[in-house]
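>>> Turn this into a model:
(one chain, ligands or ions: 1)
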Amino acid sequence: MLELGIMRQSSPGCFNLLPLGIRALEKLIRIVDEGMDSIGGQKVEFPSLINQKLWSTSGRINEVTELFKLKDRHGQNYILGPTHEEIASDLLSQCQNSYKHFPLMIYQITNKFRDELRPKLGLIRSKQFTMKDMYSFDIDQESAIKTYETVTEKYDTIFKNLGVKYHRIRGFSGTMGGTLSHEYHYEAEVGEDVLLKCIKCKDILNSELVQDKTCPQCGEIGDMDQTKGIEVGHTFLLGDRYTKPFSCNFTDKSGKSKNLQMGCYGLGITRILAASIETLSTDEEIRWPRLIAPYSVLIIPPKAKSKEDLIATESLEQLCHSLNQIPELKGEIVVDDRTDMTIGRRNMQGKRFGYPFIIVLGKRIMEDPALYELHDINSGVQVDLTLQDLAVYINKHLNDNNVQ
Ligand SMILES: [Zn+2]
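Now for the predicted structure:
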């Protein structure tokens, strides 16, 4: 990502996202927004600057070591928010809550901060990162579990659509507290989480949850297959861990005041971006989940003043006109007009950047001006197609998942 100018480092653990990077990130944010919206999640924005008193109320101020702490000019202590359970509970505690108002799901997609001891792997372990954090509130445990299942099912849909092989595993609650949790991992060599696969029941587990080589799922004792993962999502059922200290209550049918039941659901947005590239790419060429590739189509016209150049102008115009008829390609087509460079060199660069479809106006149009040379990068297919067939092909394969 650094080599291809998708991002640049500003200081260790802090990055500038450049135009290709931000296009991919915004596509990913849209996918997550649509997903959360479809299950009734409502988007909000919490402050990144959090008054430390809130974290004293929850007791987490001394539990979490990777906090950025700062003071304002009046000596008031703040932290830069890594997660917002306290803020969400405090917000809800200020409302007149009736049992009729629930379940309620609020979420944000914002920058989060963590004072990493050793930032590394670019956006995978950085000091500032984009995260989607959703908080659910329910009137009892039964409905809280139902909400939890709704959200985790949607997570599965989102991960399946992105098309990168992932594992949903029983999670480790750590400093979050709570009763039930799941982690979502991409399998990757560079991952820092050790995942274990039970030889008997094939369940995948976080090594933190396995004691004495015993599978908590089936009880099998013995060695397990090991693989490494990058955690890209984490969900928790929190019970009243936060609603109790914040007196985050509602009035039930009989008029009694009770604590709300809470859940929280994180998706590492910049981490999904970096980890999916890490998982799909080779050392030489970047590959994107097709849904978040910065652009869908790269067109490479001939080198200036070449034989092909004389007849390619008309072909290029027809091609652009035809592709622009596909609504999903609006704003998704790039023409590499650096025509002082050879086709071969630009084609090689295009493949390195991982544009899902590359159309070359080269030798082929000399032989038959009606045929276009299409490279389907993710599947490795190269075909010569008429304009009409080309549009059909791209339309059909536009949202195909990556082959792994
Ligand atoms: Zn097992």
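
>>> going forward, measure contacts and count neighbours with C-alpha atoms only.
OK.

>>> For the ion, what is the nearest residue in the stretch 1-150 of the chain?
Glu149 (22.7 Å; C-alpha to the ion).

>>> buried ones in the helix or strand hosting that residue?
Counting by DSSP states H and E, the secondary-structure element that holds Glu149 is helix 141-162. Along helix 141-162, these residues count as buried under the neighbour rule (16 or more other C-alpha atoms under 10 Å): 141, 144-145, 147-148, 151-152, 154-155, 158-159, 161-162.

>>> for stretch 222-241, same thing?
The neighbour-count criterion (16+ other C-alpha under 10 Å) identifies 224, 228-241 as the buried residues of stretch 222-241.

>>> The ion contacts on the stretch 151-300 of the chain?
Residues of the stretch 151-300 of the chain lying close to the ion (C-alpha under 5 Å from the ion) are 198, 201, 215, 218.

>>> How about the last one, nearest residue that isn't a chain neighbour?
I take that to be Cys218. In space, Cys218 comes closest to Cys201 once its chain neighbours are excluded; the distance is 6.6 Å by C-alpha to C-alpha, 6 or more residues apart in numbering.

>>> Give me the phi and psi angles of the one you found.
With angles defined as degrees, to the nearest 10, Cys201 shows backbone torsions of phi -100, psi 0.

>>> mind listing the strands for the stretch 51-200 of the chain?
Using DSSP state E, counting those that start in this stretch, the strands of the stretch 51-200 of the chain run over residues 68-71, 77-80, 104-113, 128-138, 166-170, 180-187, 193-197.

>>> List the buried residues for the least confident helix or strand in the chain by mean pLDDT?
Sorting the helices and strands of the chain by mean pLDDT, DSSP states H and E puts helix 363-367 at the bottom, at a mean of 82. If you call a residue buried by 16+ other C-alpha under 10 Å, then helix 363-367 has these buried ones: 365-366.

>>> What lies in contact with that helix?
By C-alpha atoms under 8 Å, 6 or more residues apart in numbering, the list of residues contacting helix 363-367 from outside reads 308, 311-312, 371-373.

>>> That helix: what's the following helix or strand?
Downstream of helix 363-367, the first helix or strand assigned by DSSP H and E is strand 371-376.

>>> partner strands of that next one, parallel or antiparallel?
Counting by DSSP bridges, the strands paired with strand 371-376 are strand 357-360 (antiparallel), strand 381-386 (antiparallel).

>>> for those, which one sits closest to Gly255?
Among the strands paired with strand 371-376, the nearest to Gly255 by C-alpha to C-alpha is strand 357-360 (61.1 Å).

>>> what's the closest non-adjacent residue to the closest residue to the ion within the stretch 51-200 of the chain?
For the stretch 51-200 of the chain, the residue positioned closest to the ion under C-alpha to the ion is Cys198, at a distance of 4.6 Å. Nearest residue to Cys198 in three dimensions, chain neighbours excluded: Met224, at 5.2 Å (C-alpha to C-alpha, 6+ apart).

>>> ok, back up a step: just the buried ones from the contacts of helix 363-367?
Neighbour counting over the contacts of helix 363-367 (16+ other C-alpha under 10 Å) leaves 308, 312, 371-373 as the buried ones.

>>> Now do the helices for the protein: every range, in order, please.
With DSSP state H, the ranges of helices along the chain come out as 19-38, 52-58, 85-93, 141-162, 269-280, 307-323, 343-353, 363-367, 387-397.

>>> Can you give the contact residues for the longest one?
Pointing back at helix 141-162 there. When contacts are taken as C-alpha under 8 Å, 6+ apart, the neighbours of helix 141-162 outside the stretch itself are 31-32, 35-36, 39, 103, 136-138, 166, 235, 237, 239, 261-263, 265, 289-291, 401.

>>> Okay, domains of the protein per the record?
Domain segmentation of the chain under automatic domain parsing yields 7-280, 295-397.

>>> just how off-centre is the last one within its chain?
Translated: domain 295-397. Relative to the mean C-alpha coordinate of its chain, domain 295-397 is positioned 29 Å out (C-alpha atoms, centre = their mean, to the nearest Å).

>>> circling back to that earlier point, so can I have TSV of the buried residues of helix 141-162 showing pLDDT?
TSV is the format used below for the buried residues of helix 141-162 (pLDDT from 0 to 100):
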residue	pLDDT
Gln141	95
Ala144	97
Ile145	96
Thr147	98
Tyr148	97
Val151	98
Thr152	97
Lys154	98
Tyr155	98
Ile158	97
Phe159	97
Asn161	94
Leu162	95
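
>>> Out of these, flag the one nearest to Leu20.
Leu162 (17.8 Å).

>>> Tell me the strands beside the strand ranked longest in the chain, with direction?
If each strand of the chain is counted by residues according to DSSP state E, the longest one is strand 225-239. Sheet pairing here is set by DSSP bridges, and for strand 225-239 it gives strand 180-187 (antiparallel), strand 193-197 (antiparallel), strand 261-268 (antiparallel).
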